[in-house]
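Enquirer: Sequence first, then the predicted structure:
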Amino acid sequence: MDQNSLFELVAEYGDVYGTALPRDSSLLKTVDAAQNWLALSDALGSDRARQLAGNEGDPKPSEMQALIRWQADRALAVADIGVTPVIWLCALNDTGEVIAVESWDDRLDVELKFRLVGKYKSKSSAIDYLEQHYIFDAGDL
């Protein structure tokens, strides 16, 4: 499906399922910016957060998990168009089938970029797929 077809599908049948972070996002694997450690000063202690922000030492696995959860939570809250697409579910008339579509911008003054995620036999099977490939809440990590 081309951009125009996806736009028409979303405009006519689409319901927003949510803002998502793809599970293959680099935010879930690496430190996005060293200064992000400072946001965890309360949990890690100010000295440890400054040490990690200054690239002085390696983070413990628990520290890395805390930072990744913070990065995911922040990305979902900020809804940066280059990082977290909006996921639409489009129910097809009378078939029960659902098409899932990503849009990479939700501002009215910018042209949306759409990508077909897939076609599913039911809403529940679409949601199962989406939950495997996207994070909608940092608590799902």
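Expert: Looks like it arrived, so ask away. Residues are numbered from 1 along each chain as shown.
Enquirer: what element comes up after the lengthiest helix in the chain heading to the C-terminus?
Expert: In the chain, assigned by DSSP state H, the helix with the most residues is helix 61-78. Sequence-wise, the next helix or strand downstream of helix 61-78 (DSSP states H and E) is strand 86-91.
Enquirer: Next, the contact list for the residue nearest the centre of the chain, please.
Expert: The centroid of the chain falls nearest to Leu21 when counting by Cα atoms, centre = their mean (1.2 Å). Neighbour list for Leu21: Leu27, Leu28, Ala72, Ala75, Leu76, Val83, Thr84, Tyr134, Ile135, Phe136 [criterion: Cβ atoms under 8 Å, 6 or more residues apart in numbering]. (Glycine included, C-beta is placed from N, CA and C.)
Enquirer: Which residue ranges of the protein form helices?
Expert: Using DSSP H, helices in the chain cover 3-13, 41-44, 46-53, 61-78, 123-133.
Enquirer: Ala100: which of these is closest?
Expert: The closest of these to Ala100 is helix 123-133. By Cβ to Cβ, the value is 5.2 Å.
Enquirer: could you give the mean pLDDT of the closest one?
Expert: The average pLDDT for helix 123-133 rounds to 96.
Enquirer: Can you pull out the low-pLDDT segments for the protein?
Expert: Low-confidence segments of the chain (pLDDT under 70): 106-111.
Enquirer: Now with 80, please.
Expert: For the chain, applying pLDDT under 80 flags the ranges 80-82, 93-94, 105-112.
Enquirer: domain ranges for it?
Expert: The record's domain split for the chain, according to automatic domain parsing, is 3-20+85-140, 26-78.
Enquirer: Ends of the first one, what's the gap?
Expert: Which is domain 3-20+85-140. 31 Å (Cα to Cα, to the nearest Å).
Enquirer: how many other residues sit next to the closest residue to Ala72 other than its chain neighbours?
Expert: Excluding the flanking residues, the one nearest Ala72 by Cβ to Cβ, 6 or more residues apart in numbering is Ala138, at 4.3 Å. When neighbours are counted by other Cβ atoms under 10 Å, Ala138 registers 18.
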